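In: Prediction below, plus the sequence it came from.
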Protein chains: 2
Amino acid sequence: MPYQGGVYGCPVEEALHMISGKWKPRIIHELLGQTRRFSELQRLIPGMSRHVLTTQLRELEADNIVERTVYPTVPPKVEYSLTDFGRSLEPVLEQLVGVGERYISLRKNEAVEK
Amino acid sequence: MPYQGGVYGCPVEEALHMISGKWKPRIIHELLGQTRRFSELQRLIPGMSRHVLTTQLRELEADNIVERTVYPTVPPKVEYSLTDFGRSLEPVLEQLVGVGERYISLRKNEAVEK
DNA sequence: CGGAATCCAAAGAGATACTG
DNA sequence: CAGTATCTCTTTGGATTCCG
């Protein structure tokens, strides 16, 4: 669907949507540079339930950001890694870190002024 | 309601949250380079209700991205413009455009393969 | 171990109607 | 012209329970 100057097919919206899950940036971060097992991700990201991890991983998979490899062993073993496209997101995430930090220091200054 | 900051204060989360409103990137886009009146924004972004525009503008204001100037005339006149911090978001939005476009072309290729 | 199915609460987004 | 005030619908995140 072409960019209609409107809501539909807006590239920024698409981009934001695919990394805007509550834990997605964090999951991508943990996968930068290495493959991880499901249980590893669970351990690395405390506070996130199994169900939510599953949901977010499925969505990342559907968006071609993450690849899922199942080893049909007992007990089961599933590994997740970034696709090329997923790795291409790194610079954007780094920029977002910068923005977030500027934002946080801005709010601190505001608080001081009060 | 403006984001109060997560427990971890993850900068990426903060950054995403403040531009993740459904119309926020579009509003910022329309304010890049020029000041706009409320009614102008409404006209420039069809499909968005007045109420939603108000809400998004209030949140952008609370996040120090947008500045609101009221002229106490009759009829009332209100202008919106980006703050310095708001303008600093431009490179990130441009990168997000790139990501979104790569994503869209990726999905097109998938569709062709079927 | 790595899920799926179900249910629930909260937040986002929009429609509609009224107002200084 | 530029809002507020409600109400509703939908989407998300999370808790719990069951399964190959």
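Out: Good, I have the coordinates.
In: okay, CA-based contacts and neighbour counts for the rest of this
Out: OK.
In: Surely A:G86 touches A:N64?
Out: Yes. Using Cα atoms under 8 Å, A:G86 is in contact with A:N64, at 7.1 Å.
In: From DNA strand C, how far off is A:Q56?
Out: Note on A:Q56: its distance to DNA strand C, by Cα to the nearest atom of the strand, to the nearest Å, is 10 Å.
In: Can you give me the pLDDT of the closest residue in space to A:L60 that isn't next to it in sequence?
Out: Closest residue to A:L60 apart from its sequence neighbours, by Cα to Cα, 6 or more residues apart in numbering or on different chains: A:V66 at 5.5 Å. pLDDT recorded at A:V66 is 97.
In: got a list of what A:V66 touches?
Out: A:57, A:60, A:80-83, A:86 (Cα atoms under 8 Å, 6 or more residues apart in numbering or on different chains).
In: Going along the chain, name the strands of chain A.
Out: A:36-37, A:66-71, A:77-82 (DSSP state E).
In: how about the ones you listed, which one is nearest DNA strand D?
Out: strand A:77-82 (8.9 Å; Cα to the nearest atom of the strand).
In: what packs against that closest one?
Out: helix A:24-31, strand A:36-37, helix A:38-44, strand A:66-71 (3 or more Cα pairs under 8 Å, 6 or more residues apart in numbering or on different chains; DSSP states H and E).
In: how distant is the second one from the center of its chain?
Out: The one in question is strand A:36-37. Computed by Cα atoms, centre = their mean, to the nearest Å, the chain-centroid distance of strand A:36-37 equals 15 Å.
In: what's the answer for stretch A:55-72, then?
Out: The answer for stretch A:55-72 is 12 Å, by Cα atoms, centre = their mean.
In: swap in stretch A:36-46?
Out: 14 Å.
In: pull the CA atoms of it into PDB?
Out: Output of stretch A:36-46 as PDB, limited to C-alpha atoms (Å, rounded to 0.1, in the frame of the first residue of the first chain):
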ATOM      1  CA  ARG A  36      19.300 -16.800  23.100                       C
ATOM      2  CA  ARG A  37      17.000 -19.500  24.400                       C
ATOM      3  CA  PHE A  38      13.500 -18.800  25.600                       C
ATOM      4  CA  SER A  39      14.500 -19.500  29.200                       C
ATOM      5  CA  GLU A  40      17.500 -17.300  28.900                       C
ATOM      6  CA  LEU A  41      15.400 -14.300  27.800                       C
ATOM      7  CA  GLN A  42      13.100 -15.000  30.700                       C
ATOM      8  CA  ARG A  43      16.000 -14.900  33.100                       C
ATOM      9  CA  LEU A  44      17.600 -11.800  31.500                       C
ATOM     10  CA  ILE A  45      14.400  -9.800  31.700                       C
ATOM     11  CA  PRO A  46      12.900 -10.100  35.100                       C
END
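In: For it, which residues meet the burial criterion?
Out: For stretch A:36-46, a neighbour-count test (16 or more other Cα atoms under 10 Å in any protein chain shown) marks A:36-38, A:41-42 as buried.
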